[in-house]
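*Asks:* here is my input, please return the structure:
(2 chains)
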Amino acid sequence: MDKMKKKKRREHPFFYLLPTLVILCLLVAYPLLNNLVNSLSFQGIFPTMANYQKLFSDRYFRQDLKNTFQWLLYTVPFEMLFGLLIAILLNGETGMKKFFRTIFIIPWVIPAVVVCIIWKWIYNADYGILNYILQALGLIQKNQLWVSDPKQVLQCIAVVYVWKISPFVMIMYLSGLQSISSDIYESARLDGANWLQQVGYITLPLLFPVMRSVILVSVIWSLNSFVYIYSISGGGPARVSEIVQIFIYKTGIEQYNFQYSAAAANIFLLIVMAIAFAYISMTEKQDREMMG
Amino acid sequence: MNQMKKYVPSMVLSLLGIVMIFPFFWMISCAFRRPNELLSSPPRMLPSNPTIDSFIHVLFDTEIPRYFFNSLAIATIATLLCIFVAIPAAYSFARHQYRGKNLVMISILLCNMVPQASTLVPLYRALDQLGLIDSYVGIAFTHLLCMLPFSIIMLNGFIKTIPKTLEEAAMIDGCTRLQSIFKIIVPVCSSGIFATAMYAFMISWEEFMYAMTFSTSSRARTISIGLKLFSTEFKVDWSSILAASTLMTLPILILFFLIQDTFIKGATGGALKG
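*Replies:* You can find the predicted model right below:
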């Protein structure tokens, strides 16, 4: 009797999920709850909104929020376009498809820190190859500062990010493209559709489900990318390229002001989740409309 | 004209390919030079006389080998933990039917969206209290947040492709469900599990934010952080830094090419469901 009971309990699905749920609770639920309590405490008073009030009048925090959104705009659309372009070209390629795919995947496999180091060296104002090549091509007259120039530092780092991530986007689109039957293109060609019409009326609509999840993943990743800005410019020069993650790290870990940092962390979490939910509900609606 | 048109995509691809591969090529090319050659103008594409001095310097005069070993240990611990925890969870999602399953799956996916930065400070203080700062276990455990949700989805995709009849036959022969996981699912799905493990390893190998915050000395510092510190030293020796970067990239690149196809299949299947 006892044995039977034991066996039955083991079969319960919960048993299989328990380790995962425990780990994720420790790594997600605990920190978020802890942040919530901390962000509402200020100089021994609880609960208070003082941290949030201070945060919104903080010039640097507002600047960092703006930079975070700018970073999103500089990265996601470009990695989408670039990844899609390569995927479409690769899908049409016959002979050397695997060779090209391997070449295009390499940047994604290189560890992020190494990516940053390589590009820092390429961007180097005195000895970097980029200045040399652009001058040889006559595109610029004198050496540019690139990542040391406050006006273009964020764009320059976005190029690095797009270079590293667009291979992932490319693989996703490629697998989506491969599931589109070639018969559809065949009949479109017979009806006289040109390349652009085929892309616009067949490829893109049929790629929509793939695109939906790729965009979501890309947005989340882009908002979460810390290492690129931190290790290329450190948020500088003079904090102009600082993003919210760096703000949280600096206030929480370097200055050990964890209550203030918790408030910033919560605002950031709220923004990421709001974007994700808005996006999911928006595309779901569109999806349903398209289906019928 | 038609003949020409056929070659246009290939030409564009080649051109883009050169742009994409160039930074990687440039890293290797510069790693095999003497420091003073890097500062000469005009730069040459290939080293004028290739040397492995920088590699020898990195391997014998710096702490990079130690960081390399730390990373290896942390990524291995994290990957093993991740796979052991992810297999039963993925199995359950693929085979069990119960109410609220979707909700559990969605909550696990949501964990993937929580910004690392939002968990950073509480985790740091918790690890500090447990005495786990500067330890392999502390860093490896936090890495699970970055790899566990995706690993479960990826494995779930692989397990779903295995016909149920295989396990049913085993269970008629007296296997319990748990036994059938280890005797049937794991062997049949070994390439998928290996691809997932390799993805998890890659994430831990390149993870930066946690590894930097949760290590304060060289005891558990990973190579990501070591390289970053190395590259911001007062006197920057670019050829050594690029040599160290090459050393950090090599194992991952080799691993990746060994299982490229399974990996791409699993990663695309997984992400598209997420």
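*Asks:* and residue 14, how many neighbours does it have?
*Replies:* Went with chain A since none was named. Neighbourhood size, A:Phe14 [other CB atoms under 10 Å in any protein chain shown]: 12. Yep, even glycine has a C-beta here, placed from its N, CA and C like the rest.
*Asks:* wrong chain, I was asking about chain B
*Replies:* Other residues within reach of B:Ser14, judged by other CB under 10 Å, total 14.
*Asks:* flag every buried residue along the helix or strand that it is a member of.
*Replies:* Taking DSSP states H and E as the criterion, the element that holds B:Ser14 is helix B:2-31. Residues of helix B:2-31 classed as buried: B:9-10, B:13, B:16-17, B:20, B:22-24, B:26-31 (neighbour count, 16 or more other CB atoms under 10 Å in any protein chain shown).
*Asks:* how far off centre is it?
*Replies:* Here helix B:2-31 is found 26 Å from its chain centre; the criterion is CA atoms, centre = their mean, to the nearest Å.
*Asks:* and that helix, is it in reach of chain A?
*Replies:* Yes - Helix B:2-31 is in contact with chain A by CB under 8 Å from any CB of the partner chain, via B:9-10, B:12-13, B:16-17, B:20-21, B:23-24, B:26-27, B:30.
*Asks:* what's the closest of the residues you listed to B:Pro187?
*Replies:* Set against B:Pro187, the nearest of the residues of helix B:2-31 next to chain A by CB to CB is B:Phe24 (36.5 Å).
*Asks:* which residue comes closest to the closest one once chain neighbours are left out?
*Replies:* A:Ile106 (5.5 Å; CB to CB, 6 or more residues apart in numbering or on different chains).
*Asks:* that neighbour: how many residues sit nearby?
*Replies:* 19.
*Asks:* go on, A:Phe100?
*Replies:* 20.
*Asks:* just checking, it touches B:Leu13?
*Replies:* Yes - A:Phe100 lies in contact with B:Leu13 (CB atoms under 8 Å); the separation is 5.5 Å.
*Asks:* what is in contact with the two at once?
*Replies:* By CB atoms under 8 Å, 6 or more residues apart in numbering or on different chains, A:Phe100 and B:Leu13 have these common neighbours: A:Leu90, A:Glu93.
*Asks:* any weak-confidence spans in the chain?
*Replies:* Picked chain A for this. Counting by pLDDT under 70, the ranges of chain A that qualify are A:1-11, A:287-292.
*Asks:* chain B, not that one
*Replies:* Using pLDDT under 70, chain B drops low at B:1-4, B:234, B:269-274.
*Asks:* host element of the most centrally placed residue in chain B?
*Replies:* Central residue of chain B (CA atoms, centre = their mean): B:Met202, 1.0 Å from the mean position. Using DSSP H and E, B:Met202 maps to helix B:190-206.
*Asks:* what helices and strands are in contact with the helix or strand just after that helix?
*Replies:* Counting by DSSP H and E, the next helix or strand C-terminal to helix B:190-206 is helix B:209-213. On a contact count with 3 or more CB pairs under 8 Å, 6 or more residues apart in numbering or on different chains; DSSP states H and E, helix B:209-213 meets helix A:244-249, helix B:116-129, helix B:136-160, helix B:223-231.
*Asks:* which of the ones you listed sits most buried?
*Replies:* Among these, helix A:244-249 has the highest mean neighbour count (mean count of other CB atoms under 10 Å in any protein chain shown), at a mean of 26.
*Asks:* hey, C-alpha coordinates of that helix in PDB?
*Replies:* The C-alpha coordinates for helix A:244-249 follow below in PDB (Å, rounded to 0.1, in the frame of the first residue of the first chain):
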ATOM      1  CA  VAL A 244      19.800  52.100 -17.600                       C
ATOM      2  CA  GLN A 245      21.600  48.800 -16.800                       C
ATOM      3  CA  ILE A 246      24.900  50.700 -16.200                       C
ATOM      4  CA  PHE A 247      23.000  53.100 -14.000                       C
ATOM      5  CA  ILE A 248      21.700  50.200 -11.900                       C
ATOM      6  CA  TYR A 249      25.100  48.600 -11.700                       C
END
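*Asks:* contacts for that helix?
*Replies:* With CB under 8 Å, 6+ apart as the criterion, helix A:244-249 contacts A:60-61, A:64-65, A:67-68, A:224, A:226, A:229-230, A:234-235, A:261, A:264-265, A:267-268, B:115-118, B:120-121, B:209, B:213.
*Asks:* surely B:Arg177 is in contact with B:Ala170?
*Replies:* No - using CB under 8 Å as the test, B:Arg177 is too far from B:Ala170 to be in contact (9.5 Å).
*Asks:* dump stretch A:199-210 to PDB, restricted to CA.
*Replies:* What follows is stretch A:199-210, C-alpha atoms only, in PDB (Å, rounded to 0.1, in the frame of the first residue of the first chain):
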ATOM      1  CA  VAL A 199       9.200  39.200 -51.700                       C
ATOM      2  CA  GLY A 200       6.400  41.500 -50.900                       C
ATOM      3  CA  TYR A 201       3.400  39.300 -51.600                       C
ATOM      4  CA  ILE A 202       4.800  35.800 -50.700                       C
ATOM      5  CA  THR A 203       7.900  35.900 -48.600                       C
ATOM      6  CA  LEU A 204       7.000  38.600 -46.100                       C
ATOM      7  CA  PRO A 205       3.400  37.500 -45.300                       C
ATOM      8  CA  LEU A 206       4.400  33.900 -45.000                       C
ATOM      9  CA  LEU A 207       7.300  34.900 -42.800                       C
ATOM     10  CA  PHE A 208       5.100  36.800 -40.500                       C
ATOM     11  CA  PRO A 209       4.800  34.200 -37.700                       C
ATOM     12  CA  VAL A 210       8.600  33.800 -37.600                       C
END
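*Asks:* appreciated, that's everything.
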